[in-house]
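1. build the 3D model from these lines:
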Amino acid sequence: MKMKAEIDDNKSKKSRLEGELDGVLAQLKSQFGFSSVEEAEDHLDKLKESLPGMEQKLAKEIDTLKSAYPWKTI
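-> Numbers count the residues shown, from 1 in each chain. Below is the predicted model of the structure:
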């Protein structure tokens, strides 16, 4: 009897978790346009690869602004 209760409890947990997963995947699609976690991870990897170049470009732009205008540091 105890084993049956554990099985039923685990089935219920599995069903709840599957529902949560479906909700998260729907949110991933509606908010970010990704159809799967793998697609989102691939996009994240590409963003991570481009981040150093973007940081360098930003630093150069800041240096350009600093040289063009009086700049007070706090």
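
2. show me what the one helix or strand E55 maps to is packed against.
-> Assigning secondary structure by DSSP states H and E places E55 in helix 37-68. Here helix 37-68 is seen to pack against helix 2-32 when contacts are counted using 3 or more C-beta pairs under 8 Å, 6 or more residues apart in numbering; DSSP states H and E. (Glycine included, C-beta is placed from N, CA and C.)

3. pull the number of nearby residues for E39.
-> A count of nearby residues for E39, using other C-beta atoms under 10 Å, gives 14.

4. hang on, the earlier thing: list the buried residues in the helix holding E55.
-> Buried positions in helix 37-68, judged by neighbour count with 16 or more other C-beta atoms under 10 Å: A40.

5. show me the contacts for K11.
-> With contact set as C-beta atoms under 8 Å, 6 or more residues apart in numbering, K11 has no partners.

6. number the chain from 52, please
-> With the count now opening at 52, the last piece we talked about shows up as K62.

7. tell me the angle of the helix holding E106 relative to helix 53-83?
-> When axes from the mean of the first three to the mean of the last three C-alpha atoms, to 10 degrees is applied, the directions of helix 88-119 and helix 53-83 differ by 40 degrees.

8. for helix 88-119, give the mean pLDDT please.
-> On average, the pLDDT along helix 88-119 is 94.

9. and W122, what's its pLDDT?
-> Confidence at W122, expressed as pLDDT, is 73.

10. three-state assignment of it?
-> Counting by DSSP: H, G, I helix; E, B strand; the rest coil, the backbone at W122 sits in coil.

11. the closest residue in space to it that isn't next to it in sequence and L109: what is the separation?
-> With C-beta to C-beta, 6 or more residues apart in numbering as the criterion, W122 has its nearest non-adjacent residue at 7.5 Å, and that residue is L116. Using C-beta to C-beta, to the nearest Å, L116 is found at 11 Å from L109.

12. what of G74?
-> 36 Å.

13. before we move on, what about K117?
-> Per C-beta to C-beta, K117 is found 13 Å from L109.

14. fine, thanks again, bye for now.
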